[in-house]
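> coordinates for the following, if possible.
(chains A, B and C)
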Amino acid sequence: MQITVDVNGKSYAREIEPRLLLVHFLRDDLDLTGTHWGCDTSNCGVCVVWLDEVPVKSCTVLAAMVDGKSVRTVEGLASTEGLDPVQRGFTQCHGLQCGFCTSGMMMTARALLDSNPDPTEPEIRAAISGQLCRCTGYENIVRSIRWAAEYEAAEAATDFGDDLDEEVTA
Amino acid sequence: MTATEPNPATTPMGYGRMLRKEDARFLRGRGRYVDDVKLPGMLYGAVLRSPYAHARILSVDASAAEGHPKVLAVITGETLDAMGLAWMPTMSQDVQAVLATDKVRFQGQEVAFVVAEDRYAARDALELISVDYEPLPPLVDAKRALDPDAPLIRDDVKGRVNNHIFDWETGDKAKTDEVFAGADVVVTQDMLYPRVHPAPLETCGTVADLDPVSGKLTMWTTTQAPHAHRTVYALVAGIPEHKIRIVAPDLGGGFGNKVGIYPGYLCSIVGSILTGKPVKWMEDRSENLMSTSFARDYHMHGEIASTKDGKILGLRVKVLADHGAFNGTAQPTKFPAGFFGVFTGSYDLRAAHCEVTGVYTNKAPGGVAYACSFRITEAVYLVERMVDCLAYELGVDPAELRMRNLLRAEQFPYTCATGWEYDSGDYPRALRMALDMAGYDELRREQAEKRERGELMGIGISFFTEAVGAGPRKHMDIMGLGMADAAELRVHPTGKAVLRLSCMSQGQGHQTTFAQIVGEELGISPDDIEVVQGDTDQTPFGLGTYGSRSTPVSGAATAVAARKVRDRAKIVASAMLEVSPDDLEWEKGRWFVKGDPEQGRTITEIALAAHSSLELPEGIEGHLDASCVYNPPNLTYPFGAYVCVVDVDRDTGRVRVRRFIAVDDCGVRINPMIVEGQVHGGLADGIGMALMEGMAFDGDGNHLGGSFMDYLLPTSMECPSWELGETVTPSPHHPIGAKGVGESATVGSPPAVVNAVLDALKPLGVRHADMPLTPAAVWSAMQGTPLRTDLAIG
Amino acid sequence: MQVPAQFQYEKATSVGHALRLLAKYGAESRVVAGGHSLLPMMKLRLAQPEALIDINDLDELALIRVDDGELCVGAMVRHAALLDSAVAGEHFPIFHDAERVIADPIVRNRGTVGGSLCQADPSEDLSAAFCAVRATAVIEGLGGRRTVPVREFLVGPYETVLAGGEILVEIRVPIEGSVSAYEKVDRRAGDWAVAAAGAAVRFDGETLAEVGIGLTAVGATNFVAVEAEDFLRGGPATAGRITEAASIAARHCNPYADQRGPVAYKRSLVATLTARALTRAVARHHGER
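Sure, this is the predicted structure:
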């Protein structure tokens, strides 16, 4: 069957088997190998990507299901202005070692901060609880996400400080 | 969260916190793991595995699979037998079936291999292979392996009449017996260190590409030991070694799982030979958990002797080691029980003795993996549990009992009762630091109050001594290959450098740490040093990364090579400055004239001169290159003191780890940020093993932990925010005083967690229960009906 | 990595379309919602449908609303949406308690309420929760709609009353001023329950006018503890009566031993968790969270 998918802002049309898993579509058909797979049972979360802005486990989504939809992967995390603050946080706080869970962790982190810009440590731990990491003991991943939150708060304060003040007083 | 120093954005000229050089690619999704390798014309392999734990193969019919339009080859045991490849040697002087010919001996054993155009078709074709099995009674319980009526597993070996593999002992039996006979107190405890699995998130796999024209085999493989793999392939497959290139690209974790050679790798080579195309094979998660290197599976019987006032005198241990269906443990030849011999731990004992018996069972082969430092994990668990059992019986605080018996700083170097020479340490200092950080006395007060109210809170302590960085080569080899490692350093004319290593990172950050070692020695910025690893055509021979060997062995090789470069630079500088080398003095990054610091040359200037037309003294070659093969004079002995605090739900048996304090001493820390990260990961392993990871088998030999739904790994929710401390006791024999840290926390943390849980259960009269301490296991222990965690719960 | 066998794929654009597709492909076709139960089974080749009918685009089934005194949860409501729903949480805190411990946040983004119920896993948390609150399943076929109490919808492990050609479209729960709670013990975050209990109670003064107790993973018939409900109904919610009801629930369930625990442990958990869920529900009646 034919599907057309927007991945990281670019449209891809491909002929696929209906049974093709989204993770294989991204990796094998589109050569976007930043998204990994690590289990067969949607337990490990190294395959997390965004489907229409929502993080999902791409090993448990059919490529056929995303026809006409948009997908964002780790390759689409950085912008023309540079690395996403989440990416910066992960290197600043040593939030990755082997790098295998990192893409999925960062996609979840980005989604978390978009909905909750100032998450507490328990909120961060809950948000990543469906994703395994064998290297970091999670400590530095949590710190990385906090770092990104604080970075973005500081940026917002610098860029929009005046606007914010106005909103508060209004 | 515990505050740590912020990581600076600038690169230190040597040791210190430094952001990782390798991060840039991973952050962008540009890492390159084996499954990311895509070659023109590449085919895909899949393995058909046995559903039975023990069965005779009557026939294998692959004709329907061969008829699948996308299938290019089906390889069976028969195919391999004709090529002399049906069996391969293991790392413990045994053989293992590549594809079964006579019998299957564990559930998940490899039976056939399909090569197809894509991975979906390869998987489909497995369904088309029909295997006729005659089921045989399986041997599941290791404790029954030596019963006279036990099923015989290894009838492939002529003359074998039972499932016995080896007996091994260490220590002075007579002296130990004497110590025990005279002791006031002897405490005995049986305990199991269950079968667990390293479970790196990237499973094992390979892309094998045998070029039909050049005859050269290139393999992109998940290996922690690329050079050892190359040599083994040369010996097993008969391919000349210079025609084999192993490339370990980025590895998604290893933890010992990626040391060995698995049947799928060999089948991929054969698949490439038969089709003339590259063949990719990546195992799925169940294949990884069910067939590749597991760890532990030690049934231990411990006895500890002490005076009535708590001076520990001796240890006596008997171990039944379940090695699975083939003896494939990865350990130095002379050490069939690995380094279990250091089971005397961190204490000053008069005598110790242990006997280990290895047996076959109908389970997957392996046994040494999962950051275990060649079974020091089991040894530390044993001694730390025994010390707690002794504290329980004596009614002494476990911290106090340890303090009384720990080796003292002035006893180093210390030769333990079983003959291991500990290089350096200050144990009481580390334990005091951990107790202080924990607020130990306050915790005990809180516990006492809670006990009054019937609440269960536990404080667990473990003190571990590791022995890592194997060799020396005269004592330690794997399959005859001496345990040394190498580094080659080349400084380019512009003062930048390339360092080539025989070890292989699985996430440890070699690109950064090793560049920092060179930076420290030569004053070249780590940013200007390229670190090459994992490609056997580009790197020197060495045995690879496991047993926390990278820094102790390759790190030493790197420092020595850099010092050779420095010495050579001195001669070049002397020619440049027209002074005698004896008149020169080194400061980081430059040689200068003694007493005239203005007169000097930087390493960059010297590098250019070394490649220039400058006339060098007679007999001195140009360039600034050096290499070193480092043969360690001894192991290094990292150590640490851990404190774990848990709360146990009395009604449900649920354990919550509230706090975990870890004081580690790994000698000199090259990059403290990376060291801390390594410790964090190992602590999580300890939570996992102590509380949830387990591979039990039912009576039919079915694997009950064959997926991540059943083999549970800890998540962010079970891990507390780790509280780290450090002491630094340099290794006296290591060129830079470093000791290695990759496995310390995995070794040291499980007994801390288990001791904490059992401390919580103490008011209920529970002295011991086996891992994993799932809610059911804890509850059952409270009822006085402890679970056997290696078997199905009935 | 494991991959599914081949199948035909159809994307339904409406409930009617989905029903026509089901009729067209017949018995060997399956409806796929979030797919987080079905796709893993297909990857392991434990399920090999010949056709999949994808209902993910049926936004009409993804609504949570209050209608005629009932909370209506569409079959395609994602777990995350139920957890996020203020109106669901206000009337039935049991749903939020349960959703917090179902799988993990990423799975909950995709998995659906209807999919979970239709999978009828004997360890499904929502089955116990919906049974506790006496929800009704709304089923649609080409012949029209019918309603079945969820307690009767779930007939056995992996088995529901859905006939071939029918789809679960909605679950309705009467809003009658009940208070509720859910308690689960798992081996690790995201794991299936070792055992779990949900309780929903409605007071009439000091008397328990209605009681619902749902149990999961312990072999309770229809996921409920009817004997314990009957014992409690009509009397006060004293600690002693709750304890007695909990032990009745423990006696009447039928757990089996597996790696999550032996039978005696699971039975003991039923007593503990039933009592805790009831106690928490009662506390909520008294204004606690």
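> contacts and neighbour counts: CA atoms only from here.
Fine.
> just the pLDDT for the residue in the stretch 51-200 of chain B that chain C sits nearest to.
Closest contact between the stretch 51-200 of chain B and chain C, by Cα to the nearest Cα, is at residue B:120 (6.3 Å). At residue B:120, the model reports a pLDDT of 98.
> chain neighbours aside, what residue packs nearest to it?
What sits nearest to residue B:120 in space, not counting adjacent residues and going by Cα to Cα, 6 or more residues apart in numbering or on different chains, is residue C:3, at 6.3 Å.
> in a helix, that neighbour, correct?
No - under DSSP: H, G, I helix; E, B strand; the rest coil, residue C:3 falls outside any helix and is assigned coil.
> any part of the helix or strand harbouring residue C:278 near chain B?
Using DSSP states H and E, residue C:278 falls within helix C:263-285. Yes - contact of helix C:263-285 with chain B (Cα under 8 Å from any Cα of the partner chain) involves C:265, C:269, C:272.
> averaged pLDDT, that helix. What do you get?
For helix C:263-285, the per-residue pLDDT averages 98.
> any idea how far it is from the middle of the chain?
18 Å (Cα atoms, centre = their mean, to the nearest Å).
> same question for that helix: list its buried residues.
For helix C:263-285, the neighbour count (16 or more other Cα atoms under 10 Å in any protein chain shown) marks C:263-282, C:284-285 as buried.
> so what pLDDT did the closest residue to residue B:731 other than its chain neighbours get?
Distances taken as Cα to Cα, 6+ apart place residue B:737 nearest to residue B:731, at 4.3 Å, with adjacent residues excluded. Note on residue B:737: pLDDT of 98.
> what's the answer for the one 4 residues further on, then?
For residue B:741, the model assigns a pLDDT of 96.
> check residue A:159 too.
In this model, residue A:159 is scored at 75, pLDDT.
> that one: neighbour count?
The number of residues packed near residue A:159 is 11, by other Cα atoms under 10 Å in any protein chain shown.
> with residue C:146 instead?
Residue C:146 is flanked by 12 other residues according to other Cα under 10 Å.
> kindly report the same for the one 5 residues further on.
Residue C:151 sits with 22 neighbouring residues when counted by other Cα under 10 Å.
> beyond whichever strand or helix holds it, next helix or strand please.
Residue C:151 is part of helix C:150-153, with elements assigned from DSSP H and E. Downstream of helix C:150-153, the first helix or strand assigned by DSSP H and E is strand C:154-156.
> contacts for that following strand, please.
By Cα atoms under 8 Å, 6 or more residues apart in numbering or on different chains, the residues outside strand C:154-156 that reach it are C:117, C:120, C:122, C:127, C:160, C:161, C:222.
> how far away is the first one from chain B?
Per Cα to the nearest Cα, to the nearest Å, residue C:117 is found 20 Å from chain B.
> now do the strands in chain A.
Assigned by DSSP state E, the strands in chain A fall at A:2-7, A:10-15, A:48-51, A:54-57, A:70-72.
> pull out the buried residues from the shortest one.
Same thing as strand A:70-72. Applying 16+ other Cα under 10 Å to strand A:70-72 flags A:70, A:71, A:72 as buried.
> before we move on, the earlier item: A strand includes the residue of the stretch 51-200 of chain B closest to chain C, no?
No - assignment of residue B:120 by three-state DSSP gives helix, placing it outside any strand.
> hmm, which helix or strand of the chain has the shakiest average pLDDT?
Answering for chain A, as no chain was given. Lowest on mean pLDDT, DSSP states H and E among the helices and strands of chain A sits helix A:139-169, with a mean of 81.
> that's the wrong chain, I meant chain B
The helix or strand of chain B with the poorest confidence is strand B:366-367; it has a mean of 90 (mean pLDDT, DSSP H and E).
> which other residues reach it?
Here strand B:366-367 makes contact (Cα under 8 Å, 6+ apart) with B:195, B:292-297, B:322-324, B:326-330.
> next secondary structure element downstream of it?
Using DSSP H and E, the helix or strand that follows strand B:366-367 towards the C-terminus is helix B:376-394.
> buried ones in stretch B:675-689?
Going by neighbour count (16+ other Cα under 10 Å), the buried part of stretch B:675-689 is B:675-689.
> tell me which two of those sit farthest apart.
B:675 and B:689 (21.4 Å; Cα to Cα).
> isn't residue B:100 right up against residue B:111?
Yes - Residue B:100 is in contact with residue B:111 according to Cα atoms under 8 Å; the separation is 5.1 Å.
> just want the residue of chain C that's nearest chain B.
Residue nearest to chain B within chain C: residue C:1 (4.2 Å; Cα to the nearest Cα).
> which per-residue confidence value corresponds to that residue?
On the pLDDT scale, residue C:1 is placed at 85.
> now the nearest residue to it once chain neighbours are set aside: how far from residue B:47?
Leaving aside its chain neighbours, residue C:1 sits nearest to residue B:284 (4.2 Å; criterion: Cα to Cα, 6+ apart). In this view, residue B:284 and residue B:47 are 10 Å apart by Cα to Cα, to the nearest Å.
> more neighbours: the two, which one.
A count of neighbours by other Cα under 10 Å puts residue B:47 above the other of residue B:284 and residue B:47, at 29 against 22.
> OK, contacts around that one?
Neighbouring residues of residue B:47 by Cα under 8 Å, 6+ apart: B:110, B:111, B:112, B:113, B:114, B:126, B:264.
> try it again at 10 Å.
B:74-76, B:99, B:108-115, B:122-123, B:126, B:263-264, B:267-268, B:281-284, B:287 (Cα atoms under 10 Å, 6 or more residues apart in numbering or on different chains).
> also residue A:34?
A:26-27, A:46-47, A:73-75, A:99-104, B:25-33, B:36.
> if we use 7 Å, what do you get?
Neighbour list for residue A:34: A:74, A:75, A:103, B:29, B:30 [criterion: Cα atoms under 7 Å, 6 or more residues apart in numbering or on different chains].
> hmm, residue C:231 is touching residue C:245, no?
Yes - in this structure, residue C:231 is within contact of residue C:245 by Cα atoms under 7 Å, at 6.4 Å.
> now residue B:428: which helix or strand?
According to DSSP H and E, residue B:428 maps onto helix B:427-438.
> I'd like to know how many residues surround the residue in chain A that chain C sits nearest to.
At 4.8 Å from chain C, residue A:130 is the closest residue in chain A, using Cα to the nearest Cα. Neighbourhood size, residue A:130 [other Cα under 10 Å]: 27.
> separation between it and chain B?
Separation of residue A:130 from chain B (Cα to the nearest Cα): 7 Å.
> for the spatially closest residue to that residue that is not a sequence neighbour, phi and psi?
Excluding the flanking residues, the one nearest residue A:130 by Cα to Cα, 6+ apart is residue C:104, at 4.8 Å. Per-residue torsions, residue C:104: phi -140, psi 170 (degrees, to the nearest 10).
> next one: residue B:499
phi -120, psi 130.
> surely it and residue B:528 touch.
No - the pair residue B:499 and residue B:528 does not pass the contact test of Cα under 7 Å, sitting 10.7 Å apart.
> tell me which of the two has more neighbours.
Just comparing residue B:499 and residue B:528: by other Cα under 10 Å the higher neighbour count belongs to residue B:499, 25 against 13.
> re the thing from before, filter the contacts of strand B:366-367 down to the ones in helices?
Among the contacts of strand B:366-367, none falls in helices (DSSP state H).
> now intersect these with the strands, please.
The members of the contacts of strand B:366-367 that map onto strands under DSSP E are B:195, B:294, B:295, B:296, B:297, B:322.
> could you identify the buried members of these?
Of the members of those, the ones counted as buried by neighbours, 16+ other Cα under 10 Å, are B:195, B:294, B:295, B:296, B:297, B:322.
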